[in-house]
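*Asks:* Give me a 3D structure for the following:
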Amino acid sequence: MFNETLLETQVVHKENWFQRIALIVGAVAIAVFLLLGIGIYQSQQVGPYAREVLSLTGNPMQGNAIFQMNCAGCHGAMADGRVGPSLRDVSARKSKLSLIHQVTSGQTPPMPQFQPSPQEMADLLSYLEQL
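*Replies:* As a prediction, this is how the structure comes out:
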């Protein structure tokens, strides 16, 4: 009797273990599927301007000059914030696409809409990545 109960307990324990593994594998598969889907969706949402900007190599020195002329008045000469927020480590908080949208959309007042050429935007992104 004792051996039968022990055997049944071991079988149930083994079944629970397999169920847990199956649930974990299923959850990971769903997560990967969702992340891939989101990535594909976002890549399709990239407009021609952003696509061109992302295909270019930016010059951080040129980006600094663009920043000083167009952004430093609000974000500070050292990008540490004044009227606008600090942009230190901004590339760790925002993606390149998000930064492109932020600069070109003017959707976050009081920041004005700014339409740099694709090369100027690539230069600005290169500078912001170094902050």
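
*Asks:* Can you read off the pLDDT for Gly63?
*Replies:* pLDDT, Gly63: 98.

*Asks:* repeat for Ile30
*Replies:* pLDDT, Ile30: 76.

*Asks:* May I ask which helix or strand encompasses it?
*Replies:* helix 2-44 (DSSP states H and E).

*Asks:* Name the residue closest to the centre of this structure, please.
*Replies:* Ser95 (3.9 Å; CA atoms, centre = their mean).

*Asks:* Against Leu54, how distant is that one?
*Replies:* According to CB to CB, to the nearest Å, Ser95 stands 10 Å off from Leu54. Backbone N, C-alpha and C define where each C-beta goes, glycine included.

*Asks:* Cross-check the contact I'm expecting between Val46 and Leu54.
*Replies:* Yes - assessed by CB atoms under 8 Å, Val46 is found in contact with Leu54 at 7.3 Å.

*Asks:* what's around Gln107, how many residues?
*Replies:* 9 (other CB atoms under 10 Å).

*Asks:* Mutual contacts of Val46 and Leu54, please.
*Replies:* The overlap between the contact sets of Val46 and Leu54 (CB atoms under 8 Å, 6 or more residues apart in numbering) consists of Leu97.

*Asks:* per the record, what domains does the protein have?
*Replies:* 1-45, 48-130 (automatic domain parsing).

*Asks:* Check what pLDDT the nearest residue to Gln119 once chain neighbours are set aside gets.
*Replies:* Leaving aside its chain neighbours, Gln119 sits nearest to Leu56 (5.8 Å; criterion: CB to CB, 6 or more residues apart in numbering). Per-residue confidence (pLDDT) for Leu56: 97.

*Asks:* Ala92: helix or strand, and which one exactly?
*Replies:* Secondary structure here is read from DSSP H and E; on that basis Ala92 sits in helix 90-93.

*Asks:* Okay, buried residues for that helix please.
*Replies:* Val90, Ser91 (16 or more other CB atoms under 10 Å).

*Asks:* Please apply the same query to stretch 98-113.
*Replies:* Leu99, Ile100, Val103, Thr104, Met111.

*Asks:* Torsion angles phi and psi at the closest residue to Gln102 other than its chain neighbours?
*Replies:* Spatially, and ignoring its direct neighbours in sequence, Gln102 is nearest to Thr108 (6.7 Å; CB to CB, 6+ apart). Note on Thr108: backbone dihedrals following degrees, to the nearest 10 are phi -120, psi 80.
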